[in-house]
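Undergrad: The following block contains a protein sequence and its predicted model.
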Amino acid sequence: MARKSPSRSLAVQDNGAPAHFVTALAPEDRRLNFGTKWDYAPAPETAPVKIQPRYELFIDGKFVTPHSGKYFDSINPANEKKLTEIAQGDAHDVDRAVKAARRAYEKTWSKMPARERGKYIYRIARIIQEKSRELAILETMDGGKTIKESRDVDLPLVATHFFYHAGWTDKLDYAFPGRKPRPLGVCGQIIPWNFPLLMAAWKLAPALACGNTVVLKPAETTSITAMHLAQILQEAGLPDGVVNIVTGAGETGRAIVEHDDIDKIAFTGSTDVGKIIAKALVGTKKKLTLELGGKAANILMEDAPIDQAVEGIISGIYFNQGHVCCAGSRLLVQESIFPTVIRKLRDRITVLRVGDPLDKNSDIGAINSKMQLDRIHELVESGVSEGAELVQPRCKLPERGYWYPPSFFTGVTATHRIAQEEIFGPVLSVMTFRTPEEAIERANNTPYGLSAGVWTDKGSKIFKIANKLRAGVVWANTYNKFDPTSPFGGYKESGFGREGGLHGLAAYSQFA
Ligand code: NAP
Ligand code: MG
């Protein structure tokens, strides 16, 4: 069903469909000539992928039926078709998983020489590499992200994370000289849907390397690759109970958070749920790290190489459908280059291809769920009704599935919801500034502080600005680059604790 467009449309194109123009563009530049893309033949990624009709829980090294006997559907958001059924774990299953993890911790994993632990983690990394094509396709089918992203970004990073942490396993004494690191025990890990396998790798690899055992809960809409990872753990011969995967809903996550015999909770997800978890852990012995939402500013100075910057901005918000916690969802442009930048942005989003995520030509895939799509619509409508101006190509979206076209807003003020709240979709809010000081103030003016970007020709400006940004990661003349050696995490409502690098190892260790 075609959705009603936001009410504040500024023009109507020939065929009657609404288009939204940027008033700041000169009249001759307002000819939004959408739909003049090249047409390519479909180029779907193929590999022999086997999706089971049903996935059970992974507890104590075995696939077991859930205590409730219930299963829920996992669908492909690109066509709304059911892919499989996933086990609905409850508090009883979580308890079984925690007991298995405790046994494995005490009897096997913490007793094993670190060098031996490292061998398992290397083995897991190698099997992931071998199966990366199949895993990328599964990730794309279950979550909606483009195959370009899952194949070229997610999967290589997943394997790298395991390799990197495997290398640290028998060198922890050198990572923390004189501090004698010891494992924490049993870790409960809860992850979101935007990078399903990558978030599992970010959580599992450092925990295992440091000698902990784990109970992991994937997000409800994207559990399939976690269960294939469980098969890989079996294939690698990982001792029973070292990693347990309990699928289910928010309640399943809550049962992990509230279980008495867990030593640490590591959570990646929304700020709202992060706050609930933080409250639940007050007064307990459990350690906590939270990786939450973001509203990153990309600061574009007038001396930046504009074409390169526009490419970085595009990849920072539109690829992966904007489903990235550190997405550059606010663009701050120096006033003198504003008209040029928005013209280039407009031209570029016009030729982005929205469509079948499995097609190698698609730049933007499907929105992960109906719930997320509704949230994007709601926030975009709020932007229009609060007075911002929307630029949105009138591209043809597939009839079934959840889709949103690449869009941006101009005329955004700091108080608009679209400048403050996480949209988590392919929608950019563009604002202007005059001086670097004003850019810093605007960039820091959100409740979040996860990431930021600076684009300028001058190294000195990069250092000056980056030092004043209240963000855990600041990219300079690039965006969304990840590396397991580099710690990642936030300030303010983006959470606390770091994942990756030495900081990430410390978060899974205690010191004598
Ligand atoms: P979410 O709703 O907070 O869910 C995250 C995970 O928590 C899911 O597995 C969810 O289960 C579970 N959960 C829900 N309620 C819970 C509760 N009361 N107790 C324990 N667990 C609970 O977030 P999301 O919508 O999946 O993910 C998007 C959010 O994650 C965005 O805000 C994004 O910015 C953030 N994110 C942050 C980072 C980072 O590193 N900072 C990385 C990626 C994503 P169900 O799926 O079953 O609801
Ligand atoms: Mg799905």
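TA: That came in fine, so what should we check first? Ligands and ions are numbered 1, 2, ... in the order given.

Undergrad: Residue numbers of the protein in contact with ligand 2?
TA: Within the chain, the positions near ligand 2 by C-beta under 5 Å from the ion are S74, D142, T221. C-betas here are computed from N, CA, C, even on glycine.

Undergrad: run the last query once more with 8 Å
TA: Selection of the chain residues close to ligand 2 by C-beta under 8 Å from the ion yields 74-77, 83, 141-144, 193, 221-222, 224, 368-369.

Undergrad: if we look at ligand 1, which of the residues you listed are close to it?
TA: W193 (C-beta under 6 Å from any ligand atom).

Undergrad: Please type out the ChimeraX selection for whichever of the residues of the chain next to ligand 2 turn out to be buried.
TA: Buried residues within those, by 16 or more other C-beta atoms under 10 Å, are selected in ChimeraX with:
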select :74,75,76,77,83,141,142,143,144,193,221,222,224,368,369
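
Undergrad: In strands, which of the residues of the chain next to ligand 2 fall?
TA: Of the residues of the chain next to ligand 2, the ones assigned to strands by DSSP state E are S74, I75, N76, L83.

Undergrad: Excluding chain neighbours, give the residue nearest to the second one in space.
TA: In other words, I75. Leaving aside its sequence neighbours, I75 sits nearest to K82 (C-beta to C-beta, 6 or more residues apart in numbering; 5.4 Å).

Undergrad: pretty sure I376 contacts P406?
TA: No. Counting by C-beta atoms under 8 Å, I376 sits too far from P406 to count as a contact (11.6 Å).

Undergrad: Who has more neighbours out of these two?
TA: Neighbours were counted for I376 and for P406 using other C-beta atoms under 10 Å; P406 has more, 28 against 20.

Undergrad: ok, that one touching P393?
TA: Yes. With contact defined as C-beta under 8 Å, P406 counts as touching P393 (6.9 Å).

Undergrad: the domain parsing of the chain - what is it?
TA: Residue ranges for the domains of the chain, per automatic domain parsing: 19-36+294-476, 57-67+85-292+494-511.

Undergrad: what distance separates the start and the end of the longest one?
TA: The stretch domain 57-67+85-292+494-511 measures 33 Å between its terminal residues, going by C-alpha to C-alpha, to the nearest Å.

Undergrad: average model confidence for that domain?
TA: In this model, domain 57-67+85-292+494-511 has an average pLDDT of 97.

Undergrad: Get me the contact residues on the stretch 101-250 of the chain for ligand 1.
TA: Counting by C-beta under 6 Å from any ligand atom, the residues of the stretch 101-250 of the chain lying close to ligand 1 are I190, I191, P192, W193, N194, K217, A219, E220, A249, G250.

Undergrad: Run the chain-centre distance for the helix or strand where T252 lies.
TA: For T252, the host element (DSSP states H and E) is helix 250-258. Mean-position distance between helix 250-258 and its chain equals 21 Å (C-alpha atoms, centre = their mean, to the nearest Å).

Undergrad: do stretch 413-423 as well
TA: For stretch 413-423, the distance to the chain centre is 20 Å (C-alpha atoms, centre = their mean).

Undergrad: Other residues contacting it?
TA: Defining contact as C-beta atoms under 8 Å, 6 or more residues apart in numbering, one finds that stretch 413-423 is touched by 271, 293-295, 322, 325, 329-330, 375-376, 379-380, 382-383, 386-388, 409, 412, 427, 429, 431, 442, 445-448.

Undergrad: Buried only: go through the residues you listed for me.
TA: Neighbour-count burial (16+ other C-beta under 10 Å) applied to the contacts of stretch 413-423 gives 271, 293-295, 322, 325, 329-330, 375-376, 379-380, 382-383, 386, 388, 409, 412, 427, 429, 431, 442, 446, 448.

Undergrad: Which ones among those map onto strands?
TA: Using DSSP E, the buried ones among the contacts of stretch 413-423 in strands are R330, F409, V427, S429, M431.

Undergrad: Tell me which two in those are the farthest apart.
TA: Spanning the widest gap among these are V427 and M431, at 13.8 Å by C-beta to C-beta.

Undergrad: so D307 is in which element?
TA: Using DSSP H and E, the element containing D307 is helix 306-317.

Undergrad: Please identify the buried residues of that helix?
TA: I306, A309, V310, G312, I313, I314, S315, G316, I317.

Undergrad: Take those residues and write them to JSON lines, including distance to A506 and pLDDT.
TA: Listed next are the buried residues of helix 306-317 as JSON lines, based on distance: C-beta to C-beta, whole Å; pLDDT from 0 to 100:
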{"residue": "I306", "distance to A506": "40", "pLDDT": "97"}
{"residue": "A309", "distance to A506": "35", "pLDDT": "97"}
{"residue": "V310", "distance to A506": "38", "pLDDT": "97"}
{"residue": "G312", "distance to A506": "31", "pLDDT": "96"}
{"residue": "I313", "distance to A506": "34", "pLDDT": "95"}
{"residue": "I314", "distance to A506": "35", "pLDDT": "96"}
{"residue": "S315", "distance to A506": "31", "pLDDT": "93"}
{"residue": "G316", "distance to A506": "29", "pLDDT": "93"}
{"residue": "I317", "distance to A506": "32", "pLDDT": "96"}
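
Undergrad: quick one: which of those residues is nearest ligand 1?
TA: I317 (13.1 Å; C-beta to the nearest ligand atom).

Undergrad: show me where pLDDT drops low in the stretch 351-500 of the chain?
TA: Applying pLDDT under 70 to the stretch 351-500 of the chain flags no residue at all.

Undergrad: redo that, cut-off 90
TA: 351, 393-399 (pLDDT under 90).

Undergrad: can you pull out the strands in the stretch 151-300 of the chain?
TA: Secondary structure of the stretch 151-300 of the chain by DSSP state E, counting those that start in this stretch: the strands cover 181-183, 186-190, 213-217, 243-245, 264-268, 287-291, 297-300.

Undergrad: Identify all contacting residues around the fifth one.
TA: Contacts of strand 264-268 with the rest of the structure, by C-beta under 8 Å, 6+ apart, involve 184-192, 199, 202-203, 207, 212, 256-257, 273-274, 277, 281, 286-292, 325, 497, 499, 507-508.

Undergrad: make it 7 Å
TA: By C-beta atoms under 7 Å, 6 or more residues apart in numbering, the list of residues contacting strand 264-268 from outside reads 184, 187-192, 199, 203, 257, 274, 277, 281, 286-291.

Undergrad: Could you pull out the strands in the stretch 401-512 of the chain for me?
TA: Ranges of strands within the stretch 401-512 of the chain are 407-410, 427-433, 451-455, 473-476, 495-496, 509-511, based on DSSP E, counting those that start in this stretch.

Undergrad: before we move on, back to that, quick one: the strands of the stretch 151-300 of the chain as CSV, columns for mean neighbour count too.
TA: As requested, the strands of the stretch 151-300 of the chain are exported to CSV (neighbours: other C-beta atoms under 10 Å):
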stretch, mean neighbour count
strand 181-183, 18
strand 186-190, 28
strand 213-217, 28
strand 243-245, 29
strand 264-268, 26
strand 287-291, 22
strand 297-300, 28
